[in-house]
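[1] model this:
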Amino acid sequence: MFRDKQFLHRKWWLILVVIVLAAGAGIAYWQFTKNAATAQTGQQSAVQTTRVRQGDLVISTTGTGTLLAGREANLGFSTSGTLAELHVVAGDRVQTGDVLARLDDIETLQSEVLTRELALREAQLTVDNLQKYAAARLAEAQLALAEAKDAYADAKSNLKREGVERCSEDALTAYYDNYMLLEDRLQALDSGGTSGDYYLNVIYPVKTQRDKAYATYMYCAGYTDYEIESSQAKLAITEAEMKEAGDYLALLTENNGIDPDELALAQNTLASAQVAYNKTQKQLAGATLTAPFDGTVMSIAGQVGDTVGTATFITIADLQNPQLEIYVDETDMASIAVGYAVQIVFDALPDLTFTGTVTSVEPALVTVSGYQMVKGWVAMDSGNLREGSPLLQGLTASVEVIGGSAPNALLVPVNALRDLGDGEYAVFVLNADGEPRLRMVEVGLMDYTYAEIRSGLALGDQVTTGIVETN
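    The predicted structure follows:
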């Protein structure tokens, strides 16, 4: 803060020095010129002066404009169909939400929306249930793992191997002895003859007993290839199922009871159902055209009974709040900005002056008929417009953009100002003796001719504007 004060103090000293030097130089120059001119025969020097006067100062630039609607909407149906209803004609004034036209077969679209809504709810329920029953799914996975472990243990205990006897040694010996006994008996019976009755009643029963004894012995002696292979396959299956159950339990445990793949699938189904529902709902809504804002129907592309598509069918425009598209020359770009007031005179209404405000200025120059122009937009003041009698689109106008105004201001010619730099100005004021004295002034608006003096001068003060020679 102290350094700032020192800087300001030195700045004002420098300004004071500049003022003193400028004043001294001005007076010296004035005296030198006056004396030099007086020394010449038949000539005298005169200081050109003027008095501070009061008046209005307006900074403005002119341009051209074209009247456009404040808003415009091109309305089209969302799907093709037959036009069943049309409630407006071109030129009608409509209010926001008014039904303008409607396609037929609305009931079919409504039914489709209900079907898609049901599918959407089911998809949402699936996603919700994954969260809702997460704890139960985790418990089921734990039970499934326990059952898979039991099945694996059973398969492992029942595994059959080649060369392993099915029965005990004593049982196997007893079965073998029984088989050999029957075999010996059958051999003895074979020597008794081969007549039919003898074979059927004597030999065949013993042979049958012998075969059964042999089968029993072989069953006890070891496992078949099928039994071995099937037991091994069952063991592999139960082992894989146990691992799968363990992995699934670990997955659910890690994700709080929710299978991420199942969740992703459910969410994808939900998203697809939402898209389908939105589409059918949009088609239903788009089968009826309503006014998006208060406006005037500009055009209609058909009549009841026509087959219509999705192209623009009705155009609506807001003519009660028009805007003006304006252009000014690039040399006047500093004289147009958002918020500046605008005066408008339409070529077709030369006796009326409308007003408005600049709402936007495009950031790049545009080329119009080979000239570089600044393009802007003007919102017209509603007080200028007559209710029910809107101005027609396309009207051309002359515009004056008001960059600033100073009514009843103290004014001096621009060439009376002495620019001291950094926005500081001074003027030479003649005192009672006709001597010029440099005086600091505060300058406001300024055009090519006059400058507004906000402080430093009074009405009627005489200031110099330069030195001229007169005969």
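[2] go ahead and confirm Gln124 touches Leu270.
    Yes: using Cβ atoms under 8 Å, Gln124 is in contact with Leu270, at 5.8 Å. The C-beta positions use only the backbone N, C-alpha and C, and glycine is treated the same way.
[3] pick out whichever of those two has more residues nearby.
    Taking other Cβ atoms under 10 Å, Gln124 and Leu270 do not tie; Leu270 has more neighbours (20 against 15).
[4] pLDDT at the closest residue to the more buried one other than its chain neighbours, what is it?
    Ranked by Cβ to Cβ, 6 or more residues apart in numbering and with sequence neighbours excluded, the top spatial neighbour of Leu270 is Ala123, at 4.1 Å. For Ala123, the pLDDT comes out at 95.
[5] now do Tyr198
    Looking at Tyr198, its pLDDT reads 81.
[6] again, but for the one 10 residues further on
    You'll see Thr208 listed with a pLDDT of 91.
[7] just read off the phi/psi values of it.
    Phi and psi for Thr208, reported as degrees, to the nearest 10, are phi -60, psi -40.
[8] same check on Val401?
    Here is the backbone geometry of Val401 (degrees, to the nearest 10): phi -90, psi 120.
[9] bridging residues for it?
    Note on Val401: beta-bridge partners Thr61, Val342, judged by DSSP bridges.
[10] count of neighbours near it?
    By the other Cβ under 10 Å criterion, the neighbourhood of Val401 contains 24 residues.
[11] that one is in contact with Ser335, isn't it?
    Yes: taking contacts as Cβ under 8 Å, Val401 lies within contact range of Ser335: 6.2 Å.
[12] show me whatever sits in contact with both of the two.
    Common contacts of Val401 and Ser335, defined by Cβ atoms under 8 Å, 6 or more residues apart in numbering, comprise Ser60, Thr61, Val328.
[13] closest one to Thr82 out of those residues, please.
    Nearest to Thr82, judged by Cβ to Cβ, of those is Val328 at 50.7 Å.
[14] the closest residue to the closest one other than its chain neighbours: which element?
    Distances taken as Cβ to Cβ, 6+ apart put Gly63 closest to Val328, at 3.6 Å, once the chain neighbours are dropped. Per DSSP states H and E: Gly63 is located in strand 53-68.
[15] gap between that strand and the chain center?
    Relative to its parent chain, strand 53-68 has a centroid offset of 39 Å by Cα atoms, centre = their mean, to the nearest Å.
[16] and it, what does it pack onto?
    Other elements packing on strand 53-68 under the criterion 3 or more Cβ pairs under 8 Å, 6 or more residues apart in numbering; DSSP states H and E are strand 323-329, strand 396-413, strand 436-446, strand 450-455.
[17] how about 7 Å then?
    Contacts defined by 3 or more Cβ pairs under 7 Å, 6 or more residues apart in numbering; DSSP states H and E place strand 53-68 against strand 323-329, strand 396-413.
[18] what lines up beside the following helix or strand past that strand in the sheet?
    Next helix or strand after strand 53-68 toward the C-terminus (DSSP H and E): strand 72-76. Here strand 72-76 has these sheet partners by DSSP bridges: strand 312-317 (antiparallel).
[19] just the mean pLDDT for the strand it pairs with, thanks.
    Strand 312-317 comes out with an average pLDDT of 94.
[20] quick one, that strand and strand 53-68 angle?
    Here strand 312-317 runs at an angle of 160 degrees relative to strand 53-68 (axes from the mean of the first three to the mean of the last three Cα atoms, to 10 degrees).
[21] show me the helices in the chain, by range?
    For the chain, the helices defined by DSSP state H cover 2-39, 106-132, 134-157, 169-190, 196-198, 204-221, 225-254, 260-286.
[22] by mean pLDDT, show me the worst of the ones you listed.
    The minimum mean pLDDT among the helices of the chain belongs to helix 2-39 (a mean of 41).
[23] what about Ala301, how many neighbours?
    Ala301 has 14 nearby residues by other Cβ under 10 Å.
[24] quick check: phi and psi on it?
    When read as degrees, to the nearest 10, the backbone of Ala301 gives phi -100, psi 20.
[25] could you do Gly394 as well?
    Phi and psi for Gly394, reported as degrees, to the nearest 10, are phi 90, psi -10.
[26] tally of neighbours for the residue nearest to Val328?
    Neighbour count for Gly63, taken as other Cβ under 10 Å: 21.
[27] use 865 as the first number from now on
    In the new numbering, first residue 865, that becomes Gly927.
[28] and the pLDDT for it?
    At Gly927, the pLDDT value in this model is 94.
[29] hmm, it is touching Leu1188, no?
    No: taking contacts as Cβ atoms under 7 Å, Gly927 lies outside contact range of Leu1188: 10.1 Å.
[30] circling back: wait, which of the helices of the chain is closest to Gln918?
    With respect to Gln918, and counting by Cβ to Cβ, the nearest of the helices of the chain is helix 866-903 at 26.0 Å.
[31] could I get the helices and strands packed on strand 917-932 as JSON lines with distance to Lys1076?
    Shown next, in JSON lines, are these (distance: least, Cβ to Cβ, whole Å):
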{"stretch": "strand 1187-1193", "distance to Lys1076": "110"}
{"stretch": "strand 1260-1277", "distance to Lys1076": "120"}
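[32] got those as TSV, with distance to Val1293 and mean pLDDT columns?
    Output for these, formatted as TSV (distance: least, Cβ to Cβ, whole Å; pLDDT from 0 to 100):
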stretch	distance to Val1293	mean pLDDT
strand 1187-1193	38	94
strand 1260-1277	10	92
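[33] out of these, deepest packed?
    Greatest average neighbour count among the helices and strands packed on strand 917-932 goes to strand 1187-1193 (a mean of 20), per mean count of other Cβ atoms under 10 Å.
[34] what pairs with it, parallel or antiparallel?
    Partners of strand 1187-1193 in the sheet, by DSSP bridges, are strand 917-932 (antiparallel), strand 1235-1244 (antiparallel).
[35] any chance of those strands in CSV, plus distance to Tyr1016?
    What follows is the strands paired with strand 1187-1193, written out as CSV (distance: least, Cβ to Cβ, whole Å):
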stretch, distance to Tyr1016
strand 917-932, 82
strand 1235-1244, 80
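[36] just name the most buried of those.
    strand 1235-1244 (a mean of 19).
[37] circling back: so what's the residue nearest to Val1192 up against?
    Gly927 makes contacts with Ile1190, Tyr1191, Val1192, Val1263, Val1265, as judged by Cβ atoms under 7 Å, 6 or more residues apart in numbering.
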